[in-house]
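**Q** predicted coordinates and the sequence they were generated for:
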Amino acid sequence: MPEAALLRLLLELDEGRGVALARLAKRLDERVSVLLRQGTALGDAVIGGVPGPGLVRLVCDDAGRWTAHLTPAGREAAQQLTPPP
């Protein structure tokens, strides 16, 4: 599950300030657009009438830079994930 890799990396890197999506994309060898979709699905956005789990919060600053933040629920979920093989 690619979302698990994103949650694990956010748990490692997010120290309360969020992590730039460009940095996450480089570490995960993914495109930023893929991480935006994953972050949206893991956030609290309503997709198809169903609210997301609220594990990640995406923020775009005034310069157009995206950062991802783990929510408290996301931190708890990431801590419960098993390490990758």
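**A** That came through, no problem. Predicted model, so just to flag it, every value in this text is computed and none were measured. Residues are numbered from 1 along each chain as shown.

**Q** what's in contact with the helix or strand of the chain with the lowest mean pLDDT?
**A** Using mean pLDDT, DSSP states H and E, the weakest-scoring helix or strand in the chain turns out to be strand 46-47, at a mean of 89. Here strand 46-47 makes contact (Cβ atoms under 8 Å, 6 or more residues apart in numbering) with 40, 41, 52. (C-beta placed from N, C-alpha, C; glycine too.)

**Q** which ones among those residues lie within helices?
**A** 40, 41 (DSSP state H).

**Q** from the contacts of strand 46-47, which would you call buried?
**A** Buried members of those, scored by 16 or more other Cβ atoms under 10 Å: none.

**Q** any chance of the contacts of strand 46-47 in CSV with pLDDT and distance to residue 78 as columns?
**A** Shown next, in CSV, are those (pLDDT from 0 to 100; distance: Cβ to Cβ, whole Å):
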residue, pLDDT, distance to residue 78
40, 92, 17
41, 93, 15
52, 93, 15
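
**Q** go through the contacts of strand 46-47 and say which is closest to residue 25.
**A** residue 40 (14.8 Å; Cβ to Cβ).

**Q** which element is the closest residue to that closest one other than its chain neighbours on?
**A** Leaving aside its sequence neighbours, residue 40 sits nearest to residue 58 (Cβ to Cβ, 6 or more residues apart in numbering; 6.8 Å). Element membership of residue 58 [criterion: DSSP states H and E] is strand 56-60.
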